[in-house]
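In: attaching a predicted model along with its sequence, questions to come.
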Amino acid sequence: MKYQDTAKRNRHYRCLEYDHDQPGDLSLAACGMEKCDPGADSGIYVRDCYHLHAVRSGTGILYAGEKTFYPHAGQLFLLKHNEKCQYIADKKNPWDYCWVTYNGAEAKRISEETGFTDGVYCLDSDAEPDRFYELVSRMHQYPEMNRISGLRRKGILMEFLALALEATESSCPDRSRFYEYSEDIYVSRAVDFIHYNYATITVSDVVNFIGFNRSYFATVFRKKIGVSPQEYIRQYRLNKSCELLSDTGLPIQEVAARAGYQNQMSFARMFKKVFGVTPTEYRIKNSGSS
């Protein structure tokens, strides 16, 4: 990987640039920030990689995809791989922006997930532009061409792209179509998460783990499993308590705690409601068969 600190176009220009043909799913090819000179013109040419800009102030013109855009403060704009483009800073109010340049097998998919689908080159951002600047500044703290600095820069690149994905969510209401897995897989992962963490979690924890809207997740879960997530967690906790009552000599209070009930009386009431007997009665009936 070849490193160079690109020659400054003006005193407000800072850029780190590396090889643009690095192998892997996602690589950082460049990152920088610039207060453009009035009327600064990129020229017309085909770009390699993906160049994602976050505009802090100013405006200008972007010609891309045979369309014209006017990216301004609070927006993101993208120059796409293998596409001809030109961008020109406004003569009176030129851009102040930062950017990351990335490539790899996942670069196109990530760009599209962010909202830069065919014909889309400019999107509104809900994030403060300074948050993007802070990430680029952190990348510049690790310019060295070595494995450690490379991993740090890549980690910050992931933060930058995650922030962009989050910041454009309101501009992309149909983002659910970019979910990577089928509903069956998401529900299966949710069930596994419950099984591993049943004693300490709530439905909100499961929803946060999966990353769905809560009502959408509940609908999908009920469709696939037949009960709500809350009911599934309750049933699983009680089933685990039955195993503990039959297979161990733990005190009832400890069984309740391990099953996710901090109050022994609440546990006993729920247990009897579901199984028709108290925990102690269940243990007497079932421990002899083990």
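Out: Received it, and whenever you're ready, just let me know what you need.

In: any low-confidence regions in this structure?
Out: 1-12, 173-180, 288-290 (pLDDT under 70).

In: can you rerun that using 50?
Out: Along the chain, the model assigns pLDDT under 50 to residues 1-8, 289-290.

In: all strands of it, in order?
Out: Defined through DSSP state E, the strands belonging to the chain, from first to last, are 4-5, 14-17, 27-35, 45-47, 50-57, 60-64, 67-69, 75-79, 83-89, 96-103, 122-124.

In: could you dump those into a markdown table and include mean neighbour count and distance to residue 141?
Out: The C-beta positions use only the backbone N, C-alpha and C, and glycine is treated the same way. Formatted as a markdown table, the strands of the chain follow (neighbours: other C-beta atoms under 10 Å; distance: least, C-beta to C-beta, whole Å):
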| stretch | mean neighbour count | distance to residue 141 |
| --- | --- | --- |
| strand 4-5 | 12 | 13 |
| strand 14-17 | 18 | 10 |
| strand 27-35 | 22 | 11 |
| strand 45-47 | 13 | 27 |
| strand 50-57 | 22 | 18 |
| strand 60-64 | 19 | 28 |
| strand 67-69 | 13 | 32 |
| strand 75-79 | 25 | 23 |
| strand 83-89 | 18 | 27 |
| strand 96-103 | 24 | 14 |
| strand 122-124 | 17 | 28 |
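
In: in CSV: those, plus distance to residue 214.
Out: Compiled in CSV, these are given as follows (distance: least, C-beta to C-beta, whole Å):
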stretch, distance to residue 214
strand 4-5, 47
strand 14-17, 41
strand 27-35, 35
strand 45-47, 40
strand 50-57, 30
strand 60-64, 38
strand 67-69, 35
strand 75-79, 28
strand 83-89, 39
strand 96-103, 32
strand 122-124, 25
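
In: and residue 223, which of those strands is closest to it?
Out: The closest of these to residue 223 is strand 122-124. By C-beta to C-beta, the value is 32.3 Å.

In: what residues does the closest one touch?
Out: By C-beta atoms under 8 Å, 6 or more residues apart in numbering, the residues outside strand 122-124 that reach it are 62, 69-71, 74-78, 114-116, 168, 170-172.

In: rerun that using 10 Å as the cut-off
Out: 53, 55, 62, 64, 67, 69-72, 74-78, 114-116, 164, 167-168, 170-172 (C-beta atoms under 10 Å, 6 or more residues apart in numbering).

In: ditto for stretch 274-288
Out: By C-beta under 10 Å, 6+ apart, the surrounding residues in contact with stretch 274-288 are 234-235, 238-239, 241-250, 252, 255-256, 259, 264, 267-272.
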